[in-house]
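**Student:** sequence and predicted model, in that order:
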Amino acid sequence: MKLVVPAFFVILTFGFSASAQEKPKQYKIVEPPKCTNNKGEMVEFRERTGGRLKVAAGMANRDGEGTPFVLRMNYAFSPMQFQKFIDRHECAHHQTGDVDQPHPPRNSPEHLMNESVSDCIAILRLRDEENYDAEQLEAVTSAMRNDMAKIGFPEISISSRISNVENCYTRNVSPADFIKIVKNRRAEEQ
């Protein structure tokens, strides 16, 4: 079984736990979107809650039988807009075929590029499918900033990631076309 562990969201799961005095706000968990991977397979969404972790996280993978899935962890600790972003980010790893490739070393240029591409697809989908406006974009980037800061990301990493999301939001391309561009470039590189 190949394990794909998107850095931002998995780092969130291992990097922060609320102190005993903190009572983080809890939100309603949103329904997951439809997600079909690069092979035409439906991607399952699975839930896991509990533990001391008080931030939402996601992970794209295949299970022991080969079923593609997204593991949604602790979604009640993030606002609706960010939950939807995480779902689509993880779905994007399936759509681009990242899940079926060897995972590049953490924080390598290839790994960071996969994360940036998935962020871009996620915000394009939210813009086009959910009609996200500037206020909802701000809700996503605000939640991203807060969670990344809580677990100790340097400001340069936070600002860079948010800048990518904001720039992608303004791109004049559909999510489907962006995915095609990514897959074509990757095919040319091989």
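**Tutor:** That came through fine.

**Student:** what's the longest helix in this structure?
**Tutor:** Counting by DSSP state H, the longest helix found in the chain is helix 109-129.

**Student:** beyond that one, next helix or strand please.
**Tutor:** Sequence-wise, the next helix or strand downstream of helix 109-129 (DSSP states H and E) is helix 134-150.

**Student:** report the buried residues of that next one.
**Tutor:** 136-137, 139-141, 143-145, 147-148 (16 or more other Cβ atoms under 10 Å). In short, each C-beta sits where N, CA and C put it, glycine included.

**Student:** one more: stretch 168-183?
**Tutor:** 168-169, 175, 178-179, 182.

**Student:** dump those into JSON lines; add secondary structure as well.
**Tutor:** What follows is the buried residues of stretch 168-183, written out as JSON lines (DSSP: H, G, I helix; E, B strand; the rest coil):
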{"residue": "C168", "secondary structure": "helix"}
{"residue": "Y169", "secondary structure": "helix"}
{"residue": "P175", "secondary structure": "helix"}
{"residue": "F178", "secondary structure": "helix"}
{"residue": "I179", "secondary structure": "helix"}
{"residue": "V182", "secondary structure": "helix"}
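
**Student:** please enumerate the helices of the chain.
**Tutor:** 7-15, 80-95, 109-129, 134-150, 155-169, 175-189.

**Student:** among those, which comes closest to V70?
**Tutor:** Proximity to V70 (Cβ to Cβ) singles out helix 80-95 among the helices of the chain, at 4.2 Å.

**Student:** thinking R125 is in contact with R88, fair?
**Tutor:** Yes - with contacts counted by Cβ atoms under 8 Å, R125 reaches R88, the gap being 4.7 Å.
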